[in-house]
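>>> Have a look; sequence and predicted model below, questions after that.
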Amino acid sequence: MKRVHLSSNNVPVPFSSELFAPLTPSAGHLGDPAALRARLHRDGYLYLPGLLPRADVLRLRGRYFSLFPPGYLAPGTRPEDGVFSGSVPSDLPPHGVAEHPAYAFVRSDRFSAFVTDPGLAGLARDLLGGTVELLRRRILRHFHRGSALASRAHVDRDYMDRGTERTLTFWIPVGDCPLAAGPLIYLEGSHRLPRRQYQGLRTVTDRPEDRRPISHDLELTGRTLGRRWLWADFAAGDVVVHTPNIIHASLDTTTDTMRMSVDIRFVRKGDAQDPRWSRPWSADDGA
C-alpha cells in the first residue's frame with residue numbers, strides 16, 4: 001500500500017492492509033436497478049465514480065469559495081481550487097452558523113439546483129422502489145489543513161431516529177478528494193452488525209456529552225470489530241450512496257486543497273420524517 005500518514009480528529013490511523021481496503025465501484029450497474037439494490041443490500045454502500053458532470057461540481061465549489069473574505073484562499077489561486085492560505089480571517093464565524101458563507105449557500109437557489117438534480121432523485125427512486133422526497137436539511141462541510149476536525153465513527157440512524165429507517169444518504173465530494181484530503185471511509189460490512197457489538201466503543205470518545213458517535217479512535221474501532229475501513233481517492237463527480245446503519249467516519253484534511261462535501265438524504269414519499277431534518281441545515285441546530 002502507498003505510504004501515507006493518516007489521522008482522524010488528530011488520532012493517528014495506520015494505513016495498512018489490516019485496517020484499510022479499497023471501495024468497490026458500482027457504476028457498471030447503473031441502469032440496472034435490481035443489481036444496484038442487490039449491491040447496496042450486500043455492501044451497505046454504492047460507490048459511483050463519475051456519476052455527476054465534473055464541470056458542474058467544480059462550478060459549485062468555485063461559487064462557494066468565492067464567498068470567503070480576502071486572505072482565506074492562497075494568493076494566485078482560483079476559488080474552485082479551494083486552496084487554503086494557512087490563515088483563517090479573524091472575522092470569519094464558525095463553520096455553518098449564521099453569517100458564515102455555508103449558512104447562506106445551502107439556502108441559495110444555486111445550491112438547491114445542484115442537490116435537486118433529477119439524476120440523483122431518479123437513482124434514489126430506483127433504490128427505494130417508489131416516489132421519493134429529498135429532506136430539507138442538506139449539509140455542506142469543508143475542512144482545511146490543521147483543523148484536525150473530522151466525522152467520528154457513527155451510523156446515520158443515530159442522528160435520524162425519529163423517522164423512517166428507510167433512508168438513503170448521498171455523499172458528494174465537491175472537488176477532488178484523495179485520501180490525504182480527508183474523505184469519508186466506511187467500515188466493511190458494518191451495516192450487518194448488531195448494535196450491541198459496538199455499544200462499548202461509545203465510551204472511547206472525545207465528546208462525552210454526546211452519545212451518538214461510536215468512537216473518535218478509528219484504529220480501535222476497526223480492530224475491535226475486526227473489519228477494515230474502505231476508502232477511495234475520490235474525484236469531482238463521484239458519489240457514494242449509503243444505508244443508515246453502516247459505520248462511517250472521515251479522516252483529517254492534511255492537504256492545502258480544502259475538502260468540501262455535501263450530504264443529502266432521500267426517503268420514500270409518505271414515510272415518517274424526522275422533524276429535525278425538515279428545515280434547512282445550520283451547524284449549530286443540534287440535529
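Cool, got the structure.

>>> Skipping its backbone neighbours, what lies nearest Arg276 in space?
Distances taken as CB to CB, 6 or more residues apart in numbering place Ala287 nearest to Arg276, at 3.9 Å, with adjacent residues excluded. Backbone N, C-alpha and C define where each C-beta goes, glycine included.

>>> which residues touch the residue nearest the centre of the chain?
The chain has Trp171 as the residue nearest its centroid, 4.6 Å off, counting by CA atoms, centre = their mean. Neighbouring residues of Trp171 by CB atoms under 8 Å, 6 or more residues apart in numbering: Leu184, Val239, Val240, Val241, His242, Ser261, Val262, Asp263.

>>> now swap in Glu18 and tell me
Here Glu18 is in contact with Arg228 (CB under 8 Å, 6+ apart).

>>> Got phi/psi on Ile264?
phi -130, psi 160 (degrees, to the nearest 10).

>>> Thr169 contacts Ile246, correct?
No - under the criterion of CB atoms under 8 Å, Thr169 makes no contact with Ile246, lying 9.2 Å away.

>>> Relative to the centre of this structure, find the outermost residue for me.
Residue farthest from the centre of the chain, counting by CA atoms, centre = their mean, is Gly76 at 28.9 Å.

>>> What helix or strand is that residue located in?
In the assignment (DSSP states H and E), Gly76 maps to no helix and no strand.

>>> Distance check, it against Pro70.
13 Å (CB to CB, to the nearest Å).

>>> Also Arg152?
Distance of Arg152 to Pro70, given as CB to CB: 33 Å.

>>> Neighbour count: the two, which is higher?
Arg152 (22 against 8; other CB atoms under 10 Å).

>>> returning to that earlier point: so the residue nearest to the centre of the chain: helix, strand or coil?
Under DSSP: H, G, I helix; E, B strand; the rest coil, Trp171 falls in the strand class.

>>> can you confirm Glu80 is in a helix?
Yes - with three-state DSSP as the criterion, Glu80 is located in a helix.

>>> quick one: low-confidence parts of the stretch 1-150 of the chain?
Scanning the stretch 1-150 of the chain with the threshold set as pLDDT under 70 gives 1-3.

>>> 80 instead?
1-4 (pLDDT under 80).

>>> Walking through it, point out its strands one by one.
Here the stretch 1-150 of the chain has its strands, by DSSP state E, counting those that start in this stretch, at 6-8, 11-13, 20-22, 45-48, 132-134, 139-143.

>>> From the contacts of Trp171, which land in strands?
Leu184, Val239, Val240, Val241, His242, Ser261, Val262, Asp263 (DSSP state E).

>>> Thought Gly44 was touching the fifth one, still the case?
In this case it means His242. Yes - if you go by CB under 8 Å, His242 and Gly44 touch, sitting 6.2 Å apart.

>>> For the two, list the residues in contact with both.
In terms of CB under 8 Å, 6+ apart, His242 and Gly44 are both contacted by the residues Tyr186.

>>> ok, Arg162 - contacts?
Asp274, Pro275, Arg276.
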